[in-house]
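Chemist: sequence? don't have it. structure:
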């Protein structure tokens, strides 16, 4: 059994979402997304910078396919991406505050393996 002594967490690539912010609200809704303005914090976790938006910041709420496989393991969920997010979060051996828990999936097929929670 292999033992992993370090881990790396990365946010999503902001380039994948850049064109969304030029779309009208009607175009976003037609594509299954919507523009939102954070009215509280926490509550709007950006998946690029891995932080909660500040009150007044704008984001797109959308469905994101994070395990794009033509199989029963295909998986997607709702995410927020902050307008203007410039650089994806990238850190080794650090868990950003916005992550309350992490669901772990097996690498080969992608099936759910376990939940990781902060020890308090």
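Modeler: Received the coordinates, thanks. Please read all numbers here as calculations on a predicted model, not as lab measurements. Numbers count the residues shown, from 1 in each chain.
Chemist: number of nearby residues for residue 60?
Modeler: Residues near residue 60, counting by other CB atoms under 10 Å, number 19. In short, each C-beta sits where N, CA and C put it, glycine included.
Chemist: from residue 95, how far off is the residue nearest to residue 43 when sequence neighbours are not counted?
Modeler: Among residues not flanking residue 43 along the chain, residue 52 sits closest, at 6.9 Å (CB to CB, 6 or more residues apart in numbering). Distance of residue 52 to residue 95, computed by CB to CB, to the nearest Å: 14 Å.
Chemist: could you do residue 27 as well?
Modeler: 35 Å.
Chemist: let me see the ranges of the helices in the protein.
Modeler: Secondary structure of the chain (DSSP state H): helices at 25-30.
Chemist: tell me the spatial nearest neighbour of the residue nearest the centre of it, not counting adjacent residues.
Modeler: Here the mean C-alpha position of the chain is nearest to the C-alpha of residue 47 (CA atoms, centre = their mean), at a distance of 3.2 Å. Once flanking residues are discounted, residue 47 sits nearest to residue 79: 4.5 Å by CB to CB, 6+ apart.
Chemist: now do the contacts for that neighbour.
Modeler: 12, 47, 61, 62, 63, 64 (CB atoms under 8 Å, 6 or more residues apart in numbering).
Chemist: now residue 23
Modeler: Counting by CB under 8 Å, 6+ apart, residue 23 has contacts residue 31.
Chemist: residue 60 versus that one, what's the distance?
Modeler: Counting by CB to CB, the gap from residue 23 to residue 60 is 9 Å.
Chemist: which stretches of the chain form strands?
Modeler: Ranges of strands within the chain are 8-10, 34-37, 45-46, 51-52, 58-67, 75-82, 90-92, 101-105, 112-117, based on DSSP state E.
Chemist: strand partners (parallel or antiparallel) of the longest one?
Modeler: For strand 58-67, sheet partners with direction are given as strand 34-37 (antiparallel), strand 75-82 (antiparallel), following DSSP bridges.
Chemist: kind regards, and thank you for your time.
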